[in-house]
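Enquirer: whatever this is, show me its structure:
(2 chains)
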Amino acid sequence: MIRVVLPAHLRRLARVDGEVTLQIDGRVTQRAVLDALEARYPMLRGTIRDQVTQRRRAFLRFFACERDLSHDPPDAPLPDAVAEGLEPLLVVGAMAGG
Amino acid sequence: MSRVRVLVGTRKGAFILTSDAKRERWDITGPHFAGWEIYHLKGSPADANRLYASQSSGWFGQLIQRSNDGGKTWEPVGNQFVYEGVPGTHQWYDGTPHPWEFARVWHLEPSLTDPDTVYAGIQDAALFRSGDGGKTWQELPGLRGHGSGPSWQPGAGGLCLHTILLDPTNPGRMFVAISAAGVFRTDDGGVTWRPANRGLRSEGIPNPTAEVGHCVHHIAMHPSRPKVLFMQKHWDVMRSDDGGESWHEVSGNLPTDFGFSIDVHAHEPNTIYVVPIKSDSEHFPLDGQLRVYRSRTGGNEWEALTKGLPQRDCYVNVLRDAMAVDSLDSCGVYFGTTGGQVYASADAGDSWSPIVRDLPAVVSVEVQTLA
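Expert: I've put the predicted structure just below:
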């Protein structure tokens, strides 16, 4: 199972506590994880990536295994530790004020 | 016994204030959607329990929330706003072409007759419609496509469609207002549109009397007299007596005719309210005195309403969608400030009191009068 940690606002929107776990068949990529996440929680559509362009929203980042994966291609494989469920994929909101 | 429900959108969530008809004691719920910007929320005239809310954030984008129980519970509905066809360009601040890009929903206007039909005014300026309770949204592309769209330029707050007026006597007619393009009217339910800005004069544009390009801040109509429109423009308070065919200035004796909000008394179509703001660079009341101005003559002759409002050291703003009225026998008038106060008058503006005073900056105020 893939583990995903969402920012607090999105956990509240999706009505989940703690990590989200997702079953991914095939290659574990950013796109596959987000597709599975949005299929399970349709209210998250558009909040992490644009619904039309599929581009990551500017003030969100993807971290895992102490790396910033935000600029990796969406179809690049995520680290093995994420694919094996040992480490979560972190969806992180920018620490901008407001 | 009648009740009043005040729907307040703020920079950090929504609040719902309810009272009986006396409007003396208020129950407050919220924040709903804590931490999110709530540009607008509004109830359906056809079903008071059906509410729509525009929820957005710089981090997570746009959501639309719907309630079927008067705001006790909410569910996210559709949030995909895709321009029809190839979007093209409008003018950027510097006059260069800029692609149309969705930013947020400024205003939600439920149909007068069908709770599942609702219009959305968005930034970059366009009008969308949902006929399924907000699940899906379709643009009414005739507005951007009528001809002047590529020349529209944003106001300081963005190129936003912020006001939607539905004519209760003519289902095909509606008006929208866009900063900084102006007023547009349709007579066929939104298929075709034309500018409705004749008589406006704006010194900040190359041709002060141009057909489009005016920074209209808000327009208002009384449902019994839908051909009469009132406008708070960037500068100038204006009036139209012919459904937007022409406008004339009614600023009269206002101490400043800059402002954002304007509204009409529920029972007196010629009684209107504005909150004068010092200037376009000083968005606060003149002399630190928060004053609502009321005209009982449809403009030109204005009286200051001050009882209960701070008359010193007050430097808040009242934004364009932050004033509303109820329809009780003694008309209630409400407005919210960027300082987080919501002021109410249960006597048509003669006296005021804050019904809540420490909210986040208030962006919008709407009122429902409940049987």
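Enquirer: so A:Arg55 versus chain B, what's the distance?
Expert: 11 Å (Cβ to the nearest Cβ, to the nearest Å). No exception for glycine: its C-beta is placed from N, CA and C like everyone else's.
Enquirer: repeat that for A:Phe63.
Expert: On the measure of Cβ to the nearest Cβ, A:Phe63 and chain B end up 15 Å apart.
Enquirer: strand partners (parallel or antiparallel) of the longest strand belonging to chain B?
Expert: Determined from DSSP state E, the single longest strand within chain B is strand B:47-57. The pairing partners recorded for strand B:47-57 under DSSP bridges are strand B:37-44 (antiparallel), strand B:61-67 (antiparallel).
Enquirer: got the contact list for the shortest one?
Expert: When you say that, I think you mean strand B:61-67. Residues outside strand B:61-67 that contact it (Cβ atoms under 8 Å, 6 or more residues apart in numbering or on different chains): A:13, A:43, A:46-47, A:50, A:57, B:33, B:36, B:41, B:49-56, B:73-79, B:81, B:102, B:104-105, B:108, B:120, B:133-134.
Enquirer: how about the lengthiest helix in chain A and chain B, touching?
Expert: Secondary structure of chain A per DSSP state H: the longest helix is helix A:30-40. No. On the criterion Cβ under 8 Å from any Cβ of the partner chain, helix A:30-40 is out of touch with chain B, staying 11.9 Å away.
Enquirer: what comes into contact with that helix?
Expert: Contacts for helix A:30-40 (Cβ under 8 Å, 6+ apart): A:2, A:4, A:20, A:22-24, A:26, A:44-45, A:48-49, A:54, A:62, A:69, A:72, A:74-76, A:78, A:89.
Enquirer: circling back: what are the buried residues along the longest strand of chain B?
Expert: For strand B:47-57, a neighbour-count test (16 or more other Cβ atoms under 10 Å in any protein chain shown) marks B:Ala48, B:Asn49, B:Arg50, B:Leu51, B:Tyr52, B:Ala53, B:Ser54, B:Gln55, B:Ser56, B:Ser57 as buried.
Enquirer: would you confirm that B:Ile219 contacts B:Phe175?
Expert: Yes. With contact defined as Cβ atoms under 8 Å, B:Ile219 counts as touching B:Phe175 (6.3 Å).
Enquirer: more neighbours: those two, which one.
Expert: Set side by side, B:Ile219 and B:Phe175 show more neighbours around B:Ile219, with 25 against 22, by other Cβ atoms under 10 Å in any protein chain shown.
Enquirer: what's opposite the more buried one in the beta bridge?
Expert: B:Met231.
Enquirer: so what's the residue count around B:Pro354?
Expert: 18.
Enquirer: same deal with the one 10 residues further on?
Expert: The local packing count at B:Ser364 equals 27, with neighbours defined by other Cβ under 10 Å.
Enquirer: where does it land in three-state SS?
Expert: The three-state label given to B:Ser364 by DSSP: H, G, I helix; E, B strand; the rest coil is strand.
Enquirer: from B:Thr271, how far off is the nearest residue to B:Arg173 once chain neighbours are set aside?
Expert: For B:Arg173, ignoring the flanking residues on the chain, the nearest one in space by Cβ to Cβ, 6 or more residues apart in numbering or on different chains is B:Asp167 at 3.9 Å. Distance from B:Asp167 to B:Thr271, counting by Cβ to Cβ, to the nearest Å: 20 Å.
Enquirer: list the contacts of the residue lying closest to B:Trp235 once chain neighbours are set aside.
Expert: Of all residues not flanking B:Trp235 in the chain, B:Phe258 sits nearest, at 5.2 Å (Cβ to Cβ, 6+ apart). By Cβ under 8 Å, 6+ apart, the contact set of B:Phe258 is B:His234, B:Trp235, B:Pro276, B:Ile277, B:Lys278, B:Ser279, B:Asp280.
Enquirer: now the residues you listed in JSON lines, with secondary structure and neighbour count?
Expert: Formatted as JSON lines, those follow (DSSP: H, G, I helix; E, B strand; the rest coil; neighbours: other Cβ atoms under 10 Å in any protein chain shown):
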{"residue": "B:His234", "secondary structure": "coil", "neighbour count": "21"}
{"residue": "B:Trp235", "secondary structure": "strand", "neighbour count": "19"}
{"residue": "B:Pro276", "secondary structure": "coil", "neighbour count": "22"}
{"residue": "B:Ile277", "secondary structure": "strand", "neighbour count": "23"}
{"residue": "B:Lys278", "secondary structure": "coil", "neighbour count": "18"}
{"residue": "B:Ser279", "secondary structure": "coil", "neighbour count": "11"}
{"residue": "B:Asp280", "secondary structure": "coil", "neighbour count": "13"}
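Enquirer: restricted to buried residues, select the contacts of helix A:30-40 in ChimeraX.
Expert: In ChimeraX syntax, the buried subset of the contacts of helix A:30-40 is picked out as below (16+ other Cβ under 10 Å):
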select /A:2,4,20,22,24,44,45,48,49,62,69,74,78,89
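Enquirer: residue boundaries of the strands in chain A?
Expert: Using DSSP E, strands in chain A cover A:2-5, A:20-22, A:60-64, A:67-68, A:89-93.
Enquirer: okay, now residue 93: neighbour count?
Expert: Went with chain A since none was named. For A:Gly93, using other Cβ under 10 Å, the count is 18.
Enquirer: chain B was what I was after
Expert: Residues near B:Tyr93, counting by other Cβ under 10 Å: 11.
Enquirer: okay, and it sits in which element?
Expert: B:Tyr93 is part of no helix or strand when elements are defined by DSSP states H and E.
Enquirer: tell me how far the residue nearest to B:Phe81 when sequence neighbours are not counted lies from A:Val52.
Expert: Leaving out its chain neighbours, the residue that sits closest to B:Phe81 by Cβ to Cβ, 6+ apart is B:Phe102, at 5.0 Å. Distance, B:Phe102 to A:Val52, by Cβ to Cβ: 9 Å.
Enquirer: now for those two: what residues contact both?
Expert: Residues within reach of B:Phe102 and of A:Val52 at once, by Cβ under 8 Å, 6+ apart, are B:Val82.
Enquirer: these two: which is more packed in?
Expert: Of the pair B:Phe102 and A:Val52, B:Phe102 is the one with more neighbours under other Cβ under 10 Å, namely 21 against 12.
Enquirer: hang on, that one packs against B:Tyr83?
Expert: Yes. With contacts counted by Cβ under 8 Å, B:Phe102 reaches B:Tyr83, the gap being 7.3 Å.
Enquirer: can you pull the contacts of the spatially most central residue of chain A?
Expert: With distances taken as Cα atoms, centre = their mean, chain A has A:Val91 as the residue nearest its mean C-alpha position (5.0 Å). Going by Cβ under 8 Å, 6+ apart, A:Val91 touches A:Val4, A:Val5, A:Leu6, A:Pro7, A:Leu10, A:Ile48, A:Leu60, A:Arg61, A:Phe62.
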